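Engineer: no sequence for this one, just the structure:
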């Protein structure tokens with residue numbers, strides 16, 4: 001099942017262009033936080049989770065909390081389990097540059 005198909009099932013959204021954009025944005029965030037150029041396979045599920053969070057937060061961008069009709073909601077930046085998964089795949093910077101092993105390099 002592709003990431004778009006997974007996101008479709010989780011959100012019940014049929015707009016594939018929107019879902020693709022959410023997935024692309026989620027991947028960009030992960031790559032930025034991990035100092036990587038390519039997304040490791042083990043972070044594919046994290047990408048879908050981030051896209052679901054972004055989908056659910058549409059219309060509430062920039063809010064930290066909200067109260068309506070006696071119901072209060074607070075928004076976290078990123079859930080701890082997602083942050084932990086991202087941090088475990090983070091590359092360290094050496095001399096201002098992150099070195100990522102390519103597919104052509106041997107282990």
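Structural biologist: Nice, I can see it. Just so you know, these numbers come straight off a predicted model, no measurement behind them.

Engineer: Only C-alpha atoms from now on, for both contacts and neighbour counts.
Structural biologist: Noted.

Engineer: residues making contact with stretch 20-35?
Structural biologist: Residues outside stretch 20-35 that contact it (C-alpha atoms under 8 Å, 6 or more residues apart in numbering): 3-4, 37-39, 47-48, 50-51, 54-55, 86-87, 89-93, 98.

Engineer: Can you select the buried ones among these for me in PyMOL?
Structural biologist: Applying 16 or more other C-alpha atoms under 10 Å to the contacts of stretch 20-35, the buried members can be selected in PyMOL as follows:
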select buried, resi 3+4+47+48+50+51+54+55+86+89+90
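
Engineer: Can you show me the strands along this protein?
Structural biologist: With DSSP state E as the definition, the chain shows strands at residue ranges 65-68, 71-74, 93-94, 97-98.

Engineer: which strand residues sit across from residue 98 in the sheet?
Structural biologist: residue 93 (DSSP bridges).

Engineer: Please give me every residue in contact with it.
Structural biologist: Contacts were defined as C-alpha under 8 Å, 6+ apart; by that measure residue 98 touches 35, 36, 91, 92.

Engineer: tell me the two of those that are most distant?
Structural biologist: Greatest spatial distance among the contacts of residue 98 (C-alpha to C-alpha): 36 and 92, at 9.8 Å.

Engineer: Name the residues of the longest helix along the chain that come out as buried.
Structural biologist: Across the chain, the helix with the greatest residue count (assigned by DSSP state H) is helix 16-34. Taking 16+ other C-alpha under 10 Å as the neighbour-count basis, helix 16-34 is seen to contain the buried residues 19, 20, 22, 23, 25, 26, 27, 28, 30, 31, 34.

Engineer: between these, which is closest to residue 68?
Structural biologist: Proximity of these to residue 68 (C-alpha to C-alpha) peaks at residue 22, which lies at 26.8 Å.

Engineer: So in the protein, where's the weakest helix or strand by average pLDDT?
Structural biologist: strand 71-74 (a mean of 66; mean pLDDT, DSSP states H and E).

Engineer: close enough to count as contact, residue 48 and residue 2?
Structural biologist: No - applying C-alpha atoms under 8 Å, one finds residue 48 not in contact with residue 2, separated by 10.1 Å.
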